[in-house]
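In: using only what follows, build the 3D model:
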Amino acid sequence: MYAISLGDDGAELRPLEPWQAGEFLAHMDRGREFVGQWNELPDVVTDLESSRAYLRAYAEKAAADSGRIYGIYLDGGLVGGFLLRRMDVGQGTAEAGCWLEPSAVGRGLVTRAARAVIDWAVEERGIHRVEWWCSSGNEPSIAVARRLGMTRDGVLRESYLYRGKRYDEEIWSVLAPAWRATRRTAFGSR
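Out: The predicted structure is shown next:
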């Protein structure tokens, strides 16, 4: 298995695969309440079989080149994730998403993981538009979108039904030319 360093603090990005279902479930159990504030993942991954099924679905997406899932690791332990929920190489579009356990918040891990994956999507897979969908109330997620140089495209009012309540969703995006320009100026040229 490969790992991509996310900095000098021991943070890494690694693919998540079905054989890691136990580790993924334990991670979800540690962050279930926190992650579940804005993300339905804790409602989907509830036991070993559902954890395996979730990771299997992403293995199938990877095989079909229609999505990816990565774990964010800190000092060897799984503390979060980053994914391309949907990816359409033919259309050049992808939708990114993320989550973290409470212990990993405030270290810039999601932003660093997003930079690595978006860079891969744009430069290696030819993705032209990367979208970031989040609840209007999810300020940390909106802050990541801003740090990534994304533009807020709009708000879908009360479009997301979650745990019996309707939420507004914001759509943020970055286009490949803007990503490259932002990467050169803000992240340093590679």
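In: now stretch 38-45, how far from the centre of its chain.
Out: Per Cα atoms, centre = their mean, to the nearest Å, the displacement of stretch 38-45 from the mean C-alpha position of its chain is 13 Å.
In: end to end, how far does it reach?
Out: The distance separating the two terminal residues of stretch 38-45, taken as Cα to Cα, to the nearest Å, comes to 15 Å.
In: can I assume residue 34 sits in a helix?
Out: Yes: with DSSP: H, G, I helix; E, B strand; the rest coil as the criterion, residue 34 is located in a helix.
In: neighbours around the closest residue to residue 40 other than its chain neighbours, how many?
Out: Taking Cβ to Cβ, 6 or more residues apart in numbering, and ignoring the residues beside it in sequence, residue 40 has residue 162 as its nearest neighbour in space, at 6.4 Å. The way it works is simple: take the backbone N, C-alpha and C, and place the C-beta from them, glycine included. Other residues within reach of residue 162, judged by other Cβ atoms under 10 Å, total 15.
In: please enumerate the helices of this protein.
Out: When assigned using DSSP state H, the helices of the chain occupy the ranges 21-35, 41-44, 48-63, 109-123, 139-147, 176-186.
In: can you tell me which of the ones you listed has the worst average pLDDT?
Out: Note on these: helix 176-186 shows the lowest mean pLDDT, a mean of 83.
In: tell me the buried residues in it?
Out: Neighbour-count burial for helix 176-186, with 16 or more other Cβ atoms under 10 Å as criterion, is recorded at 176, 179, 182-183.
In: kindly report the same for stretch 144-151.
Out: Of the residues in stretch 144-151, 144-145, 148-150 count as buried by neighbour count, 16+ other Cβ under 10 Å.
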